[in-house]
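S.K.: task: produce atomic coordinates for the following.
(one chain, ligands or ions: 1)
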Amino acid sequence: MSGVPTAPDAQLADDSQRPVRRALLSVYDKTGLVELATALHGEGVELVSTGSTARHIADAGVPVTPVEQLTGFPECLEGRVKTLHPRVHAGILADTRKQDHLDQLADLDIAPFELVVVNLYPFAETVASGAEPDAVVEQIDIGGPSMVRAAAKNHPSVAVVVDPSRYDDVVAAVAAGGFTFAQRKGLAAAAFAHTAEYDVAVANWFATAYAGTEDGWPDFTGGAWTKQAVLRYGENPHQEAALYSDGRGVGLAAAEQLHGKEMSYNNYVDTDAARRAAYDFTEPAVAIIKHANPCGLAVGGDIAQAHARAHATDPVSAYGGVIAANRPVSVAMAEQVADVFTEVIVAPGYEDGAVEVLARKKNLRILVADRPGGELPAETRQISGGLLVQLRDTFQADGDDVASWTLAAGAAADEATLADLEFAWRAVRAAKSNAVLLAADGAAVGIGMGQVNRVDSCRLAVERANTLAGGAERARGAVAASDAFFPFADGLQVLLDAGVRAVVQPGGSVRDADVVEAAKAAGITMYFTGTRHFAH
Ligand SMILES: NC(=O)c1ncn([C@@H]2O[C@H](COP(=O)(O)O)[C@@H](O)[C@H]2O)c1NC=O
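M.R.: Here you go, the predicted structure:
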């Protein structure tokens, strides 16, 4: 067990400030470097630095010792070896609380570092630039992470900084007599998170783009998530919760909140579902979501009309809903929303005056979030002991393009009916399976969702269509979409009995013939898409 400290942590813990006498600087990103070096020099700190970092510092007239002078060994192999030397690493790794380490340093004539400032080669940025593999591999930093990890491990003696935005804190701490143990622990945690994130990016690239598998799924997949907010609670008040971001600055996690109460866990879940539904349409569209299911969904000539129609889907359930618009919110839409108790509204923007109208509701959370783009193609769901990964469900050209539909029963639909069928087909995937959605004039009028059999979804869709608009029988004359095939004719029969005049569904049941027969007998139009859109 030689070399392994035997003293328990408590005995080693040292909360005293450690004056910074010597710092090692090696940064790819030179932002703020000269200011930092100047300030450290002003505080009497001796600076040691690598290649171009040292040149930057020296060019600013600040004294600096090139690392080669320290190691007695030239930087070589195109910079692959600069700081990988015992004189550097012993200076970083010596635990200066231990007399034995101090004695060894003295014998070796090595001075310890109390501060290490490093930032790494831009690996992820090089991948994103589409560079060739050799160029990408060259940007895997080796010496930098070694120093960062060494300094972070030795945080009782050394402060490590990996982020130029922290340089002001560094200068303040040095001027105040050094970093406290708590500060060094915090910096070390950030440093290990930084190298872990860096290595995840490298490992993911190797496992996918560079050394991918025959089955197309990487043998390893890693993620790096940074805490963005502590939430009041999770799905229920007894569950603690927080929001983490993947740091790419896209999607709902990157939304800006303009007004209202703090977002809750359920707000995020519902807002994500609302955005997904609204952005399934190219024309102005609004989705109103409750418990991750739509209770309102419509397109319109403008966003206010889309909202008015979406609200009319189910005005009862819209109370306390989450609204997503796929266009900037107009003042007219804002006036409509302001009349209804709403939890969240999210949009790509707000026309002049719209936020002011919405903000009349003190608690309404008003979010602005970019239109979808840059999302990863795969999505994940945790199961006990594992992670399911699948490619996102999108509207693929095959089956989702109306031109590819097969007429399975009745006469070909006229243009308006076809437009409603296409709307219904796009809308139904916003509802949890089994889902059946009735639509008329570009708006959902009855949605049956989350049922354990399709007949019940049909019944629910019809009942809601016929009861939620002041007694108007909206199922009669509507069109319907089913997210998956009808296994029997019974579900379809519920729709036929209610007066639905056209249906779109994937087809593919062993009893398709029975289903088609029922449609023909009722004289309605029915299309098969050949594609289904379950959402569990
Ligand atoms: N190989 C090494 O010994 C080594 N030591 C430090 N680096 C990196 O070199 C960069 C700084 O180099 P320069 O000062 O020459 O710009 C930093 O991003 C640092 O993380 C190294 N480069 C790559 O591994």
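S.K.: how about A412, what does it touch?
M.R.: When contacts are counted by C-beta atoms under 8 Å, 6 or more residues apart in numbering, A412 touches T525. Any C-beta I mention is one placed from the backbone N, CA and C, and that applies to glycine too.
S.K.: can you check H311 too?
M.R.: By C-beta under 8 Å, 6+ apart, the contact set of H311 is I288, G296, A318, Q336, V340.
S.K.: what are the buried residues along the longest helix seen in the chain?
M.R.: When the chain is parsed with DSSP state H, its longest helix is helix 181-205. Of the residues in helix 181-205, 183-185, 187-188, 190-195, 197-198, 200-202, 204-205 count as buried by neighbour count, 16 or more other C-beta atoms under 10 Å.
S.K.: tell me the angle of the helix or strand just after it relative to helix 181-205?
M.R.: On the C-terminal side of helix 181-205, the closest following helix or strand by DSSP states H and E is strand 226-231. Interaxial angle of strand 226-231 relative to helix 181-205 (axes from the mean of the first three to the mean of the last three C-alpha atoms, to 10 degrees): 120 degrees.
S.K.: which secondary structure elements does strand 226-231 contact?
M.R.: Helices and strands touching strand 226-231, by 3 or more C-beta pairs under 8 Å, 6 or more residues apart in numbering; DSSP states H and E, are strand 241-245.
S.K.: can you name the element that comes right after the strand it packs on?
M.R.: Tracing the chain C-terminally past strand 241-245 and defining elements by DSSP H and E, one meets strand 256-259 next.
S.K.: tell me which strands that next one pairs with, and in which orientation.
M.R.: The strands beside strand 256-259 in its sheet (DSSP bridges) come out as strand 365-368 (antiparallel).
S.K.: from the chain's centre, how far out is the partner strand? Work that out for me.
M.R.: 17 Å (C-alpha atoms, centre = their mean, to the nearest Å).
S.K.: swap in stretch 364-376?
M.R.: Mean C-alpha position of stretch 364-376 versus that of the full chain (C-alpha atoms, centre = their mean) differs by 10 Å.
S.K.: how long is it end to end?
M.R.: Using C-alpha to C-alpha, to the nearest Å, one end of stretch 364-376 lies 30 Å from the other.
S.K.: could you check it and say which residues are buried?
M.R.: By 16+ other C-beta under 10 Å, the buried positions in stretch 364-376 come out as L364, R365, I366, L367, V368, A369, P372.
S.K.: residues in contact with the nearest residue to the first one once chain neighbours are set aside?
M.R.: Using C-beta to C-beta, 6 or more residues apart in numbering and skipping residues adjacent in sequence, the residue nearest L364 is G260, 4.8 Å away. Residues near G260 by C-beta under 8 Å, 6+ apart: V344, A359, K361, K362, N363, L364, R365, I366.
S.K.: 10 Å instead, please
M.R.: Residues counted as contacts of G260 (C-beta atoms under 10 Å, 6 or more residues apart in numbering) are 267, 342-345, 358-359, 361-367.
S.K.: which of the residues you listed lies closest to the ligand?
M.R.: Of all those, L367 has the smallest distance to the ligand: 37.0 Å, by C-beta to the nearest ligand atom.
S.K.: so G450 touches A292, yeah?
M.R.: Yes. With contact defined as C-beta atoms under 10 Å, G450 counts as touching A292 (9.2 Å).
S.K.: which elements pack onto the helix or strand M147 falls within?
M.R.: Element membership of M147, judged by DSSP H and E, is helix 143-153. Counting contacts by 3 or more C-beta pairs under 10 Å, 6 or more residues apart in numbering; DSSP states H and E, helix 143-153 packs against strand 22-27, helix 86-93, strand 115-119, strand 159-161, helix 181-205.
S.K.: mean pLDDT added to those, as JSON lines?
M.R.: JSON lines is the format used below for those (pLDDT from 0 to 100):
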{"stretch": "strand 22-27", "mean pLDDT": "98"}
{"stretch": "helix 86-93", "mean pLDDT": "97"}
{"stretch": "strand 115-119", "mean pLDDT": "98"}
{"stretch": "strand 159-161", "mean pLDDT": "98"}
{"stretch": "helix 181-205", "mean pLDDT": "97"}
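S.K.: export these to TSV and append columns for distance to F488.
M.R.: Formatted as TSV, the helices and strands packed on helix 143-153 follow (distance: least, C-beta to C-beta, whole Å):
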stretch	distance to F488
strand 22-27	68
helix 86-93	71
strand 115-119	63
strand 159-161	66
helix 181-205	45
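S.K.: just tell me which of those ends up closest to E68.
M.R.: helix 86-93 (10.5 Å; C-beta to C-beta).
S.K.: show me what counts as buried in the closest one.
M.R.: For helix 86-93, a neighbour-count test (16+ other C-beta under 10 Å) marks R87, V88, H89, A90, G91, I92, L93 as buried.
S.K.: quick one: the last one and R87 touch, right?
M.R.: By that I understand L93. No. The pair L93 / R87 is not scored as a contact, 11.5 Å apart, by C-beta under 10 Å.
S.K.: the ligand contacts on this protein?
M.R.: Residues of the chain that fall close to the ligand, judged by C-beta under 6 Å from any ligand atom: 26-28, 50-53, 79-84, 118-121, 141-144.
S.K.: now do 5 Å
M.R.: Counting by C-beta under 5 Å from any ligand atom, the chain comes close to the ligand at 26, 28, 50-53, 82-84, 120, 141-144.
S.K.: these, buried ones only, as a ChimeraX selection?
M.R.: A single ChimeraX command suffices to select whichever of the residues of the chain next to the ligand are buried according to 16+ other C-beta under 10 Å:
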select :26,50,53,82,83,120,141,143,144
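S.K.: low-confidence ranges in the stretch 201-350 of the chain?
M.R.: Along the stretch 201-350 of the chain, no part satisfies pLDDT under 70.
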